[in-house]
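J.: I'll drop the sequence and a predicted model, then ask my questions.
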Amino acid sequence: MYFFKMKKLIIVFLLLLLFNNTHAQTQAEMNQSAARGYYKVDAELNKVYKMLISKLDENRKSLLIKAENDWIKYRDAHCKFEASFYEGGSMQPMIYSSCLEGITQDRIKELNKAIKELGDY
């Protein structure tokens, strides 16, 4: 299911790049743009993570740290798998970065949900 969601996201992303730009971009520029998109959401993830961890007791901090380390391993492995379909192609870095961005956005939502649930205590 997630694989098809990611494929759809990639197609939409590529269409937006094609139709929303007033000038043609090289693949290298699109790869750089995708990487910048990921770096932006990664910075947001770090802010949300720090906010959440500051609200947790020691036991939950330990659990979150373990979960986050495991999530990073999953994220990286999954996106390498996604990008492997474009192995050797010039758009492979864009696919990888777009995957990282999408999964990271999902993780931000999960951590924000946990912060909200903590507020209910």
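T.: The structure has been received and is ready for your questions.

J.: Now do the strands in the chain.
T.: Applying DSSP state E to the chain gives no strands.

J.: In it, where is pLDDT below threshold?
T.: 1-6, 8-10, 12-24, 120-121 (pLDDT under 70).

J.: if we go to 50?
T.: 22 (pLDDT under 50).

J.: Next, please give the residue ranges for the helices of the chain.
T.: 2-20, 27-54, 58-84, 92-119 (DSSP state H).

J.: Including mean neighbour count, could these go into CSV?
T.: C-betas here are computed from N, CA, C, even on glycine. Listed next are the helices of the chain as CSV, based on neighbours: other C-beta atoms under 10 Å:
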stretch, mean neighbour count
helix 2-20, 12
helix 27-54, 15
helix 58-84, 13
helix 92-119, 18
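
J.: so how far is Gly102 from Ala83?
T.: 12 Å (C-beta to C-beta, to the nearest Å).

J.: How about Ser90?
T.: 20 Å.

J.: Repeat that for Tyr38.
T.: 9 Å.

J.: Kindly report the same for Cys79.
T.: For Cys79, the distance to Gly102 - C-beta to C-beta - is 9 Å.

J.: what's the answer for Leu64, then?
T.: Counting by C-beta to C-beta, the gap from Leu64 to Gly102 is 22 Å.

J.: what does Pro93 give?
T.: For Pro93 relative to Gly102 (C-beta to C-beta), the value is 15 Å.
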